[in-house]
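**Student:** I would like to see how this sequence folds:
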Amino acid sequence: MATTNQVQLITYADRLAGDIPRLTALLRSEPFASAFRGVHILPFFTPYDGADAGFDPTDHTQVDPRLGTWDDIGDLSRTHEVMVDLIVNHVSSESEAFQDVVARGDESPHSDLFLTLSSVFPDGAKEEQLARIYRPRPGLSFTVMRLGGERRLVWTTFTPQQIDIDVHSASGAAYLESILDAVGGAGVTLVRLDAVGYAVKTPGTSCFMTQESYDFIGEFTEKARARGIEVLVEVHSYYKRQVEIASRVDMVYDFALPPLVLHALYTGEGEALVKWMRDRPRNTVTVLDTHDGIGVIDVGADQELGPEKAPGLLRQDQVDELVSGIHERSANTSAQATGAAASNLDLYQVNCTFYDALGRDDRAYLAARAIQLFTPGIPQIYYVGALAGGNDMDLLERTGVGRDINRHYYANGEVAEQLERPVVKALMALCTLRNDFPAFDGDVDASLEGTVLTLRRMGVEVPDAVAELTVDLESGAGSIELLRGGNAHTLEDLLGAHGFVAP
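**Tutor:** The predicted structure follows:
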């Protein structure tokens, strides 16, 4: 079992196409069919439009009937590798099980499914123990609620609408296995463990990516593999911790790549990017954008040990300049959607489309995408990024949710309009090239001369296939040279990728 080494799309079914059958039709039509051979469908469970855009399901085993059925997922899996989210840390406060606990407290048969302060700290918690718990947002990880008429501190890592579950309880284990059975039965071959770093709470620790977390991931991965499913672990953390995590799981995200690419294109300095190209794990899914913001914690110093003991891939002043650069190039729209300016107060992300983060500069944007496509790993491109979309300030104003700036709803006919733009045509062509040219199953040779970055990929199954990307980080200009069987073809300008024919 191995994930196909081809480009995947990340998308909501409703925001790009309306529902799952229409998404399937779009993915089977050109240019999507050639550009994307797999798809990560963001949560389509019941309800897909809750407090956190589907990441707070009331029933994780059911497809929201407004979007489709498991049969629709199965149909899509006939032509595309399908990845879905397994939300292992929490369920919705509106779920039937939690509402029964609200009504009946410990008398509910579901009481062992949900975590409270006392279920993790039965003898009480000291101040230092509570202060040590890591949370990616301000405040402690608890919400006061009435369970069976009694005021309790319920564990809510993210929002009061997302109730953390006890993955080791009998109810928790049965619940998670029922989800695996549902997705496996629909032909899904890859699952993403959402927020899995927070799923295990161990007293006296940070409750984030502890040894117990690794043990849980390992046990869960074995259950998934037994059903023919591979596991992608989603964790934002210090880069050396990511390398360690990668050595113990099927796949991790390369969340350091987006800020390093932006830093290189902002400054013309590629040293940090080249170093990461040499040191990074290879069993990765590469992204520049997702449904969340652009992470910066992944290139900063270790938050626990500090920059003296554990420096980051970028210095703190470089991280600060990176964040300022995103705000400046997006005409300050990203600042209106980030941190205290909007809800979803993730402390480690800037909310902005990648296209706006590069000032809507088509050449710089295609250079960034080419770097992603030439980086070893499975490339995933977010639906807004696939269409070179800009920040949706109207949606942000309507919802007040910071991440909605990068979660546009495409109206009927709008996708077809965007596909006519030269930058979108070029990006689709680059994705097709990445899928079809046989040089991308080997490693990468990364080098830097002044401001010129060169990434060279050589085929393993087809050794005479070579692809070389050259990017002037200062200007954003990029070119690609392809070699095969003694024939060479050169793409002098990435904007001209549409219509380019490989040897």
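
**Student:** what's the closest non-adjacent residue to the most centrally placed residue in the chain?
**Tutor:** Nearest to the mean C-alpha position of the chain, by CA atoms, centre = their mean, lies Thr290 at 4.9 Å. Counting by CB to CB, 6 or more residues apart in numbering, Thr290 lies nearest to Tyr382, which is 5.5 Å off, once chain neighbours are set aside. (Glycine included, C-beta is placed from N, CA and C.)

**Student:** test my guess that that neighbour contacts Ile294.
**Tutor:** No. Between Tyr382 and Ile294 there is no contact under CB atoms under 8 Å: 11.0 Å.

**Student:** who has more neighbours out of these two?
**Tutor:** Each of Tyr382 and Ile294 has its neighbours counted (other CB atoms under 10 Å); Ile294 has more, 27 against 24.

**Student:** that one bridge partners, please.
**Tutor:** Val350 (DSSP bridges).

**Student:** okay, now Thr284: neighbour count?
**Tutor:** By other CB under 10 Å, the residues close to Thr284 number 22.

**Student:** is it correct that Ser169 is in contact with His110?
**Tutor:** No. Ser169 is not in contact with His110 according to CB under 8 Å; the separation is 9.7 Å.

**Student:** part of a strand, is Leu9?
**Tutor:** Yes. Using DSSP: H, G, I helix; E, B strand; the rest coil, the assignment for Leu9 is a strand.

**Student:** which residues does the closest residue to it other than its chain neighbours contact?
**Tutor:** Of all residues not flanking Leu9 in the chain, Phe36 sits nearest, at 4.2 Å (CB to CB, 6+ apart). Going by CB atoms under 8 Å, 6 or more residues apart in numbering, Phe36 touches 7-9, 27, 80, 381, 386, 431.

**Student:** burial measure for Glu177, as a count.
**Tutor:** Using other CB under 10 Å, Glu177 has 14 other residues around it.

**Student:** identify the contacts common to Tyr382 and Ile294.
**Tutor:** Between them, Tyr382 and Ile294 share the contacting residues Phe354, judged by CB under 8 Å, 6+ apart.

**Student:** may I see the buried residues of stretch 463-471?
**Tutor:** Residues 465-471 are the ones in stretch 463-471 that count as buried (16 or more other CB atoms under 10 Å).

**Student:** now stretch 28-36
**Tutor:** Here stretch 28-36 shows 31-32, 34-36 as buried, counting by 16+ other CB under 10 Å.

**Student:** run the chain-centre distance for it.
**Tutor:** 21 Å (CA atoms, centre = their mean, to the nearest Å).

**Student:** gap between the two ends of that stretch?
**Tutor:** 9 Å (CA to CA, to the nearest Å).

**Student:** following element in sequence after the helix or strand bottoming out on mean pLDDT in the chain, please.
**Tutor:** Across the helices and strands of the chain, mean confidence by mean pLDDT, DSSP states H and E is lowest for helix 239-246: a mean of 89. Counting by DSSP states H and E, the next helix or strand C-terminal to helix 239-246 is strand 251-254.

**Student:** OK, contacts around His489?
**Tutor:** Taking CB under 8 Å, 6+ apart as the criterion, His489 is in contact with 481-482, 500-503.

**Student:** check which residues of the helix or strand harbouring it are buried.
**Tutor:** Take DSSP H and E as the rule and His489 turns out to sit in strand 487-491. Neighbour counts over strand 487-491 (16+ other CB under 10 Å) mark Leu491 as buried.

**Student:** checking the residue nearest to the centre of the chain next. Helix, strand or coil?
**Tutor:** Applying three-state DSSP: Thr290 is coil.

**Student:** gap between it and Phe142?
**Tutor:** 28 Å (CB to CB, to the nearest Å).

**Student:** and for Pro376?
**Tutor:** 41 Å.

**Student:** returning to that earlier point: need the contact list for the residue nearest to the centre of the chain.
**Tutor:** Listed by CB under 8 Å, 6+ apart, the contact set of Thr290 reads 10, 380, 382.

**Student:** Gly359: which of those is nearest?
**Tutor:** Tyr382 (18.3 Å; CB to CB).

**Student:** quick check on the residue nearest to Thr290: phi, psi?
**Tutor:** Phi and psi for Tyr382, reported as degrees, to the nearest 10, are phi -70, psi 150.

**Student:** swap in Phe216?
**Tutor:** Dihedral angles (degrees, to the nearest 10) for Phe216: phi -60, psi -40.

**Student:** which residue is the nearest non-sequential neighbour of it?
**Tutor:** Among residues not flanking Phe216 along the chain, Val200 sits closest, at 5.0 Å (CB to CB, 6+ apart).

**Student:** now Gln242
**Tutor:** Nearest non-adjacent residue to Gln242, counting by CB to CB, 6+ apart: Val252, 6.0 Å away.

**Student:** beta partners for that neighbour?
**Tutor:** Counting by DSSP bridges, Val252 forms beta bridges with Val233, Thr284.

**Student:** the chain should start at 16 in everything you say after this.
**Tutor:** I'll keep to 16 as the first residue from here, and by that count the last item is Val267.

**Student:** correct me if wrong: it contacts Val246.
**Tutor:** No. Judged on CB under 8 Å, Val267 makes no contact with Val246 at a distance of 9.9 Å.

**Student:** who has more neighbours out of those two?
**Tutor:** For Val267 versus Val246, neighbours defined as other CB under 10 Å are more numerous around Val267 (25 against 22).

**Student:** distance of that one from Asn427?
**Tutor:** With distances taken as CB to CB, Val267 is found 37 Å from Asn427.

**Student:** same check, this time on Ser134
**Tutor:** Distance from Ser134 to Asn427, by CB to CB: 49 Å.

**Student:** phi, psi of His278?
**Tutor:** Main-chain dihedrals, His278, degrees, to the nearest 10: phi -60, psi -40.
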